[in-house]
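Peer 1: what's the 3D shape of this:
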Amino acid sequence: MITNSVFVIDKNGIPLKPTTPARARFLQSKEKAKKFRLYPFVIMLDKDVDHEVEKYLELRIDPGSKVTGFSLVVKETNEVIWGMELEHRGEAIKQDLISRAGYRRGRRSRNLRYRMCRFNRKKPAMWLAPSLRHRLLTVETWVKRLIKYAPIASIAIEEVKFDMQKMESPDIEGIQYQQGTLAGYTIREALLEKWGRQCAYCTAKDVPLQIEHIHPKSKGGSDRFANLTLACEKCNKKKSNKSVEEFLKCKPEVLKKVKATQKKSLSDAAAVNSTRKAIVHMAQQFDLPVISCDAASTKMVRVVNNLPKEHWIDAACVNAISSVNLRVCQPLRVVAKGHGSRQSRRVNASGFPVITSIKKDLATGKKIVKTIEAKKEYTHTTAGDFVWIKLEKDRKHVKKGRYKARVKTPTQQGVEIVIDGHRITVNQKHVTFIHRNDGYSYGFAAINTELLQ
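Peer 2: Modelled structure (predicted):
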């Protein structure tokens with residue numbers, strides 16, 4: 001088998017043993033089952049099951065900073081029947097919060113009416129930053145879905161802990177853990193000593209120097225000491241938010257010197273450290289046995305079985321004793337996209353408000369439009385929904401045919417979609433709804449040829 005198994009539920013929604021894609025097509029062709037959900041693919045039988053279904057699967061999770069791996073494994077045989085990789089959007093949330101803070105500072109500096117600052121607020125227990133809490137909530141969402149569609153008996157989670165100080169300084173020990181990079185210095189004093197009291201880009205001396213980010217903060221750069229340098233006002237303005245590679249492309253020697261001082265970012269390790277206990281605590285609420293495993297045993301199983309380094313394969317190796325039998329070579333690829341913005345008035349690149357004429361549903365607040373009329377019933381399509389598009393004639397850059405796409409913007413005449421990078425508008429009578437927008441985009445990873453050998 002190359003693709004994932006198909007989830008099966010009975011008429012009452014009770015999860016049954018997953019089946020093969022071929023068997024699912026056969027049941028649908030004989031009208032013994034119908035499609036219940038597209039992503040992940042679930043079919044519903046036309047009858048209920050009287051006997052109690054045995055729970056024989058184990059959900060294994062490999063939490064990551066940017067991507068989390070999921071695998072469903074048969075406990076007795078260690079056979080992987082379903083795999084998925086979930087890509088988080090923590091960095092996008094961080095940038096949105098930075099943008100929101102900028103708007104608030106702007107309002108306060110313009111002497112406008114604003115909400116007064118609130119003090120004496122205490123953070124609740126196990127508080128996480130929004131970008132970290134997003135990782136926890138998305139993992140929780142998919143654990144709920146998989147328990148709903150598959151007979152899961154237990155959950156195994158890789159609980160990783162990184163010693164970030166030892167990652168930077170392998171020889172650190174004892175009291176050195178209490179002394180950071182700036183022990184006995186201020187940031188400016190440490191930078192002046194590090195860069196010889198001169199501009200790092202043009203080596204100018206005896207001029208006012210400004211603290212500058214090597215990797216721009218607007219592109220995800222941090223405030224770590226390793227990402228800071230000193231620059232004169234002229235170089236700082238000229239660099240702006242360019243990458244250091246682009247700014248110093250004509251000065252390879254200076255670029256090499258600046259890059260040599262940079263250290264690898266530890267933001268991913270910090271994110272995993274912050275959420276490792278929260279994910280295990282979250283999994284315990286489902287009244288299933290939760291098993292915590294270390295990263296060393298996971299890596300050992302993957303190396304012994306000569307498996308490639310992928311997130312869903314790492315998840316399959318969690319809590320495995322020796323061998324892992326992969327029946328899947330093409331896992332489901334899920335990317336978190338969010339549910340839009342709660343911002344009441346959006347602005348363009350120049351800071352002016354953007355006016356939209358699309359009406360919103362008063363109950364949900366979503367932009368909607370009626371797309372299909374069948375038996376005097378309308379299907380409402382919102383931005384992000386998956387639809388089938390039928391083009392009866394060639395469009396500019398797009399040939400006629402049947403396409404699966406996502407709704408970019410609902411219009412009063414139909415929907416606006418993007419095909420091969422080209423935005424087109426399609427009339428409502430040529431649109432067929434197939435999957436509701438749930439904040440994720442779906443696809444399948446490329447087939448790994450190493451697993452087919």
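
Peer 1: For the stretch 301-450 of the chain, which segments are assigned as strands?
Peer 2: 325-326, 332-336, 368-374, 377-382, 386-391, 401-410, 414-419, 422-427, 431-435, 440-444 (DSSP state E, counting those that start in this stretch).

Peer 1: so who does residue 91 touch?
Peer 2: Contact partners of residue 91, counting by Cβ atoms under 8 Å, 6 or more residues apart in numbering, are 66, 131, 220. (C-beta placed from N, C-alpha, C; glycine too.)

Peer 1: Out of those, who's the most crowded?
Peer 2: Top of the contacts of residue 91 by neighbour number is residue 131, holding 21 neighbours under the definition other Cβ atoms under 10 Å.

Peer 1: got the residue ranges for the strands in the stretch 51-200 of the chain?
Peer 2: Using DSSP E, counting those that start in this stretch, strands in the stretch 51-200 of the chain cover 57-62, 67-74, 79-87, 152-158.

Peer 1: Of these, which is nearest residue 189?
Peer 2: Of all those, strand 67-74 sits nearest to residue 189, with 39.6 Å by Cβ to Cβ.

Peer 1: ok and the closest one relative to strand 332-336, angle-wise?
Peer 2: For strand 67-74 against strand 332-336, the angle by axes from the mean of the first three to the mean of the last three Cα atoms, to 10 degrees is 140 degrees.

Peer 1: who's in contact with strand 67-74?
Peer 2: 5, 18, 56-62, 79-88, 135, 138-139, 142, 146, 150, 152, 310-316, 318, 320, 324.

Peer 1: hang on, the earlier thing: please convert the strands of the stretch 301-450 of the chain to JSON lines, extending it with distance to residue 261 and mean neighbour count.
Peer 2: Output for the strands of the stretch 301-450 of the chain, formatted as JSON lines (distance: least, Cβ to Cβ, whole Å; neighbours: other Cβ atoms under 10 Å):
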{"stretch": "strand 325-326", "distance to residue 261": "43", "mean neighbour count": "17"}
{"stretch": "strand 332-336", "distance to residue 261": "34", "mean neighbour count": "19"}
{"stretch": "strand 368-374", "distance to residue 261": "53", "mean neighbour count": "15"}
{"stretch": "strand 377-382", "distance to residue 261": "49", "mean neighbour count": "16"}
{"stretch": "strand 386-391", "distance to residue 261": "47", "mean neighbour count": "18"}
{"stretch": "strand 401-410", "distance to residue 261": "44", "mean neighbour count": "17"}
{"stretch": "strand 414-419", "distance to residue 261": "42", "mean neighbour count": "19"}
{"stretch": "strand 422-427", "distance to residue 261": "44", "mean neighbour count": "15"}
{"stretch": "strand 431-435", "distance to residue 261": "49", "mean neighbour count": "16"}
{"stretch": "strand 440-444", "distance to residue 261": "38", "mean neighbour count": "14"}
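
Peer 1: Pipe those into JSON lines and attach mean pLDDT per row.
Peer 2: Putting those into JSON lines (pLDDT from 0 to 100) gives the following:
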{"stretch": "strand 325-326", "mean pLDDT": "86"}
{"stretch": "strand 332-336", "mean pLDDT": "94"}
{"stretch": "strand 368-374", "mean pLDDT": "43"}
{"stretch": "strand 377-382", "mean pLDDT": "59"}
{"stretch": "strand 386-391", "mean pLDDT": "86"}
{"stretch": "strand 401-410", "mean pLDDT": "83"}
{"stretch": "strand 414-419", "mean pLDDT": "82"}
{"stretch": "strand 422-427", "mean pLDDT": "83"}
{"stretch": "strand 431-435", "mean pLDDT": "84"}
{"stretch": "strand 440-444", "mean pLDDT": "89"}
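
Peer 1: can you put the strands of the stretch 51-200 of the chain in TSV and add mean neighbour count?
Peer 2: Below are the strands of the stretch 51-200 of the chain laid out as TSV (neighbours: other Cβ atoms under 10 Å):
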stretch	mean neighbour count
strand 57-62	26
strand 67-74	23
strand 79-87	23
strand 152-158	21
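
Peer 1: In JSON lines: the strands of the stretch 301-450 of the chain, plus distance to residue 289.
Peer 2: Formatted as JSON lines, the strands of the stretch 301-450 of the chain follow (distance: least, Cβ to Cβ, whole Å):
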{"stretch": "strand 325-326", "distance to residue 289": "22"}
{"stretch": "strand 332-336", "distance to residue 289": "25"}
{"stretch": "strand 368-374", "distance to residue 289": "43"}
{"stretch": "strand 377-382", "distance to residue 289": "39"}
{"stretch": "strand 386-391", "distance to residue 289": "36"}
{"stretch": "strand 401-410", "distance to residue 289": "38"}
{"stretch": "strand 414-419", "distance to residue 289": "45"}
{"stretch": "strand 422-427", "distance to residue 289": "49"}
{"stretch": "strand 431-435", "distance to residue 289": "33"}
{"stretch": "strand 440-444", "distance to residue 289": "28"}
